[in-house]
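*Asks:* Starting from these lines, generate the structure:
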Amino acid sequence: MATRSRGQVPDRVVQAGEACDELRAALKAAGVVLPSLGLDPVSCTGAAPLGLIALGRCNIDTARALAAALRPRAAG
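*Replies:* Sure, this is the predicted structure:
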């Protein structure tokens, strides 16, 4: 198992941050903003971090905007 020095960010967490940024940009392009979108801090710690992305909470209007943005893709 590879060890890492204090302050070094695991690749999985870096990748999760990049994916989160990509998702934020794609949602913004679709007119959707998830205010709580970000990395789940607990999943980014420990010996084998998962780097999960927390989509967070949103209001009714945002949920409907997200659903509307996804519908055309689902209909395909």
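*Asks:* which residues in the protein form helices?
*Replies:* Here the chain has its helices, by DSSP state H, at 11-29, 60-75.
*Asks:* which one of those lies closest to Pro49?
*Replies:* Across those, the minimum distance to Pro49, taken as CB to CB, is reached by helix 11-29, at 5.4 Å. Just so you know, the C-beta spots here come from the backbone N, C-alpha and C atoms, and that holds for glycine as well.
*Asks:* Provide a list of residues in contact with Arg57.
*Replies:* The neighbourhood of Arg57, defined by CB atoms under 8 Å, 6 or more residues apart in numbering, consists of Ser36.
*Asks:* tell me which residues in the lowest-mean-pLDDT helix or strand in the chain are buried?
*Replies:* Lowest by mean pLDDT, DSSP states H and E among the helices and strands of the chain is helix 60-75, with a mean of 88. Residues of helix 60-75 classed as buried by neighbour count (16 or more other CB atoms under 10 Å): Thr62, Ala65, Leu66.
*Asks:* separation between the last one and Val42?
*Replies:* Meaning Leu66. Look at Leu66 and Val42: by CB to CB, to the nearest Å, they are 24 Å apart.
*Asks:* Low-confidence stretches in the chain?
*Replies:* Low-confidence segments of the chain (pLDDT under 70): 1-7, 74, 76.
*Asks:* how about 50 then?
*Replies:* For the chain, applying pLDDT under 50 flags the ranges 1-3.
*Asks:* Show me what counts as buried in stretch 11-30.
*Replies:* Under the neighbour-count criterion of 16+ other CB under 10 Å, stretch 11-30 has Val13, Ala16, Gly17, Cys20, Arg24, Leu27 buried.
*Asks:* Just want to check the distance between Ile53 and Arg71.
*Replies:* 22 Å.
*Asks:* hmm, I was thinking of Val9
*Replies:* According to CB to CB, Val9 and Arg71 sit 36 Å apart.
*Asks:* Please tell me how far the closest residue to Pro10 other than its chain neighbours sits from Ala63.
*Replies:* Nearest residue to Pro10, sequence neighbours excluded (CB to CB, 6 or more residues apart in numbering): Pro49, at 5.1 Å. Pro49 sits 29 Å away from Ala63, going by CB to CB.
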